[in-house]
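Participant: sequence and predicted structure, then a few things I'm wondering about:
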Amino acid sequence: MTRFAPVYRALGLIIMLFGLTMLAPLILSYAVNDGAQTAYDETFALTLLSGAFLWYRYRNCKRELNTRDGFLMVVLVWSVLPVFAALPFMIHLGMSHTDAYFEAVSGLTATGATVMSGLADLPMSINLWRHLMMWFGGMGLIVLAVAILPMLGIGGRQMLKAEIPGPMKDAKMTPRIAETAKGLWLVYIGITAACILAYRWAGMSWFDAVCHTFSTVSLGGFSTHDESFGYFNSQLIEGICIAFMLFSGINYATHFLAFSGRSLRAYVRDSEAVWFVGVLLLSVVVLANYIWKDGVYDDMDLAFRHALFNVISVATTTGYSTTDYGQWPLFAALWMLFLCSFVTSAGSTGGGIKMMRALLLYKQVYRELVRAMHPSAVYHVRLGGQPAPQTVLFAVLAFGFVYMVSIVSLTLILSFTGLDIVTAFSAVVASVNNTGPGLGLVGPASTFAALEDFQTWICIFAMLLGRLEIFTLLVVLTPAFWRK
Amino acid sequence: MSRFSPVYRALGMIIMLFGLTMLAPLIFSFAVADGAATAFDEAFALTMLSGAFLWFRYRRCTRELSIRDGFLMVVLVWTVLPAFAAVPLMLQLGLSHTDAYFETVSGLTTTGATVIEHLDTLPMSINLWRHELVWVGGMGLIVLAIAILPLLGIGGRQMFKAETPGPMKDAKMTPRIAQTAKGLWLVYLGVTVACIVSYHWAGMSWFDALCHGFSTMGLGGFSTHDASFGYFDSPAIELVAIVFMLIAGMNFGTLFLAVTGRSLRPYLSDPEAGWFIAVCLASILAIAIYIWKDGVYADLDVALRQAAFNVVSIATTTGYASVDYAQWPMFAPLWMLFLSSFATSAGSTGGGIKMMRALLLYRQVYREIVHAVHPSAVYNIRIGGHVAPQPILFAVLAFAFMYMVSIVSLTLILSFTGLDIVSAFTAIVASVNNTGPGLGVVGPSTTFAVLEDFQTWVCIFAMLLGRLEIFTLLVVLTPAFWRK
């Protein structure tokens, strides 16, 4: 029996579960007869069989998972599931394995970058599958962010332990995750249903409503149309989208508290949520003015409408667009990418370093300034009333540092392969933050298909790095992890 | 009597001392009759009178300087002296006060970015003054880096307290600084003389040798020719420059120990020096091969020669160019700018975050990874055999974070003013690291004169921010500093 046998056993189970989700596009494919039936048949069989084999092989290893298992588990789930998810794209659309894996990773990490064009002409079941992946990715993400990463102590996530709803502190790993997941998934599913109805009511077809809801609540950003939300050109639809993107950018644990307590007080007390909304509103007003003054739009109303939708879409790491904001003066697009690196909440489906860490980093820099003036002063960094322990502060600072180093080094690698700087930098930022579209060659009006295979793999790595909060992936890649 | 009177008194004395350094170009101007004598007359008189007035006004305040005084002192010296230094440039060349101040800040912070074109036809005394500024700036810098910043505890600089040569631990501020300064300045002076003689021996005129000796030792990068080192086109001169840039990029404290002990052993036990040389050598080889393969130079020898000179020049934050390396494929200059942000040693005249901090940061990230796998493991970070205390690690992490935040936010500001992203980003990186030339409109073949006034001021701020290691400047800009 190998050392990580319980991990492989659990992975087998998860692969089988994941295989079951393929039934949805499979059935749709048969129902509308869009020609992709065979692809799903084969994928479904292969996924279930692989999962069953893995599970059967390690079925006797039932010991409780420990922290080290947890790291490997998370990394394997996020890197192996996309392999199976990519099969329909390869079989039916004849995509290369690089592109298909990119699309699947982009879906499951809720990034929303795509290598496909002509989206409206794709078989419906393929489009459903793309969006469904995102929805499941979001589901996995909530559990990852609220239950698993805090336990692994990634980048100061321990801080959040106390804030998880329910009586589950210091519980064992598996029951604790199950407990947390149940409550939060209920909220997630409820919100999804509400979003579908709202989109439908605002004028989308049922199919579009379902697909876009999946990619809205997960803050992913896939669309069934090449023009993204520009296709609908409806203020009502944009308004609904904005509301649900904002909702999903806030901690799901806060939503859970608000729902179970039937009160909005939970939001007011959530400092992340307050800053999130504050920063976004300010940015929308400033950018609307900026692009209007610059003469991009003659009409202030139009500038405001486009700024509102696109700023919130990119800042929440969703990545829809109503217009090619790559054509706006560069500052606007840069500012939007800057926002997406920190505004969303720690327990949301968004990417980046999260508002919680941004606030801690700010407080810490302030503490250093105070310390420079008064070397002997005692100054505690507080969060939610409690002083943050040293280890958490170290973890947050190190996380902030490695996050930036990752962006710099991956940008250098892309530039080494010959990409221009705007494309290289924005592709990496958009991938690490799980936002989706970058600028330049990979801007909102084009796709990641323009990249060469090696460049695509760098972006895949960046998406996984960002989604797994860097250290989870780095830990598994260190030799020390594999030593006895 | 105002609260900071002793600071003003000391500043008055420093201004007078600085005024005396104007005697060199003044006398030179009379000697060669280049027409700039009046400008230097007036600037000299103005500087001496202002200094004398300030000193006289506060002559009775002789109390010992406190830590808080130290912050203000450092900031005032680096902002006020350039104002006086700019006077001859305004009077003789008719530069605007923005441009003249930029040029002198660039000199005194040993940045080497210039707004002046047609350097070859400037009055000789003006060129001497520009280069002397760099040299004097380097002198101030050594004391700042080795004696003052450690005392103020900026960004983990306390670390170096123990490493300062001479018996001066826990001494009072003024005698300690004086003691350190004496030894290091002697070494600095000696190496400068050696550099000037070598340049002349390699073929420069005495005047060029003097000027370039000044800007080499300060790791500044001013030149008396628009073409910089491309003007000489001599491998011997380039080799001399490389050697002295490398010496100036290493700790002057180590050089002091090596000279007094007549042995190279201090360099072997200096962890910074080893990494500095290794990183520079590896980068030279990699970039030479990269540009050769890319077809910039048909000949590997030429590629190696150009890579060696320009990589060392940028990595050491000097900023000479022997060729317009902005024409190389983008990755090469980006990598060079990347190097300039960390390669030089903490006690050198270079800029950036310094190799010492880079090493500490690397170890800290590694510690976080170990912590993730073994949460209860005790892992001490050592530097030079000593365990680094927690406050220093915090300070280093916070410093690195603020360094990156400064670059991001100043780049956003420049891009807000309409500058393209390559120029905005590289102008900021080159200014914060005190390197000099960036890319795009501020590349090695152009000057900073193309910037608008506001953009120039942003770059001035960036140069001061980088030179004063960010926190020194930020502390003085906080309201808490001025509260009683």
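Facilitator: Now that the structure is in, tell me what you want to look at.
Participant: and the closest residue to chain A within chain B, what pLDDT?
Facilitator: Chain A sits closest to residue B:397 of chain B, with a gap of 3.9 Å, by C-beta to the nearest C-beta. Quick note: C-beta positions are derived from backbone N, CA and C, even for glycine. pLDDT recorded at residue B:397 is 90.
Participant: quick check: the residue of the stretch 1-150 of chain A nearest chain B.
Facilitator: With C-beta to the nearest C-beta, the shortest gap between the stretch 1-150 of chain A and chain B falls at residue A:68, namely 6.0 Å.
Participant: pretty sure that residue sits in a helix.
Facilitator: Yes: looking at residue A:68 with DSSP: H, G, I helix; E, B strand; the rest coil, it is inside a helix.
Participant: now it: closest residue in space, sequence neighbours ignored.
Facilitator: residue B:373 (6.0 Å; C-beta to C-beta, 6 or more residues apart in numbering or on different chains).
Participant: which residues touch that neighbour?
Facilitator: Counting by C-beta atoms under 8 Å, 6 or more residues apart in numbering or on different chains, residue B:373 makes contact with A:67-68, A:71, A:475, A:478, A:480-481.
Participant: quick one: contacts for the spatially closest residue to residue B:30 that is not a sequence neighbour?
Facilitator: Once flanking residues are discounted, residue B:30 sits nearest to residue B:37: 5.3 Å by C-beta to C-beta, 6+ apart. Neighbour list for residue B:37: B:26, B:29-30, B:125 [criterion: C-beta under 8 Å, 6+ apart].
Participant: coming back round to it: the residue of the stretch 1-150 of chain A closest to chain B against residue A:481, yeah?
Facilitator: Yes: using C-beta atoms under 8 Å, residue A:68 is in contact with residue A:481, at 7.2 Å.
Participant: which helix or strand contains the residue of chain B closest to chain A?
Facilitator: Residue B:397 is part of helix B:390-416 when elements are defined by DSSP states H and E.
Participant: quick one: buried residues of that helix?
Facilitator: B:392-408, B:410-416 (16 or more other C-beta atoms under 10 Å in any protein chain shown).
Participant: quick one: which of the contacts of residue B:373 sit in strands?
Facilitator: Counting by DSSP state E, no part of the contacts of residue B:373 is found in strands.
Participant: drop anything exposed from those residues.
Facilitator: Neighbour-count burial (16+ other C-beta under 10 Å) applied to the contacts of residue B:373 gives A:68, A:71, A:475, A:481.
Participant: and the two most separated of those?
Facilitator: Pairwise distances across the buried ones among the contacts of residue B:373 (C-beta to C-beta) peak at 8.7 Å, for the pair A:68 and A:475.
Participant: who are the contact partners of residue B:288?
Facilitator: For residue B:288, the contact set (C-beta under 8 Å, 6+ apart) comprises B:300, B:303-304, B:306-308.
Participant: sec struct for the residue most central in space within chain B, please.
Facilitator: Ranked by distance to the mean C-alpha position of chain B (C-alpha atoms, centre = their mean), the top residue is residue B:110 at 3.9 Å. Assigned by three-state DSSP, the conformation of residue B:110 is coil.
Participant: measure stretch A:258-266 end to end?
Facilitator: One end of stretch A:258-266 sits 5 Å from the other (C-alpha to C-alpha, to the nearest Å).
Participant: about what we covered before: any idea how far the residue of the stretch 1-150 of chain A closest to chain B lies from residue A:480?
Facilitator: 11 Å (C-beta to C-beta, to the nearest Å).
Participant: likewise for residue B:348?
Facilitator: Applying C-beta to C-beta, the value for residue B:348 to residue A:480 is 34 Å.
Participant: how about residue B:91: what's its closest non-neighbour residue?
Facilitator: residue B:39 (3.8 Å).
Participant: re earlier: which of the contacts of residue B:373 lies closest to residue B:191?
Facilitator: residue A:478 (42.2 Å).
Participant: run a quick neighbour tally on the residue lying closest to that closest one once chain neighbours are set aside.
Facilitator: Nearest residue to residue A:478, sequence neighbours excluded (C-beta to C-beta, 6+ apart): residue B:369, at 5.6 Å. By the measure other C-beta atoms under 10 Å in any protein chain shown, the count of residues near residue B:369 is 21.
Participant: check which helix or strand covers residue B:369.
Facilitator: helix B:355-373.
Participant: neighbouring strands of the next helix or strand after that helix in the sheet, and parallel or not?
Facilitator: Downstream of helix B:355-373, the next assigned helix or strand under DSSP H and E is strand B:382-383. Strand pairing for strand B:382-383, using DSSP bridges, gives strand B:386-387 (antiparallel).
Participant: which parts of the stretch 101-250 of chain B sit against chain A?
Facilitator: Residues of the stretch 101-250 of chain B lying near chain A by C-beta under 8 Å from any C-beta of the partner chain: B:152-154.
Participant: and the next helix or strand past the helix ranked longest in chain B?
Facilitator: Ranked by residue count under DSSP state H, the longest helix found in chain B is helix B:173-202. Per DSSP H and E, helix B:173-202 leads on to helix B:206-217 as the next helix or strand towards the C-terminus.
Participant: tally up the residues packed near residue 89, please.
Facilitator: All of this is about chain A. 26.
Participant: other chain: chain B
Facilitator: Counted with other C-beta under 10 Å, residues neighbouring residue B:89 total 28.
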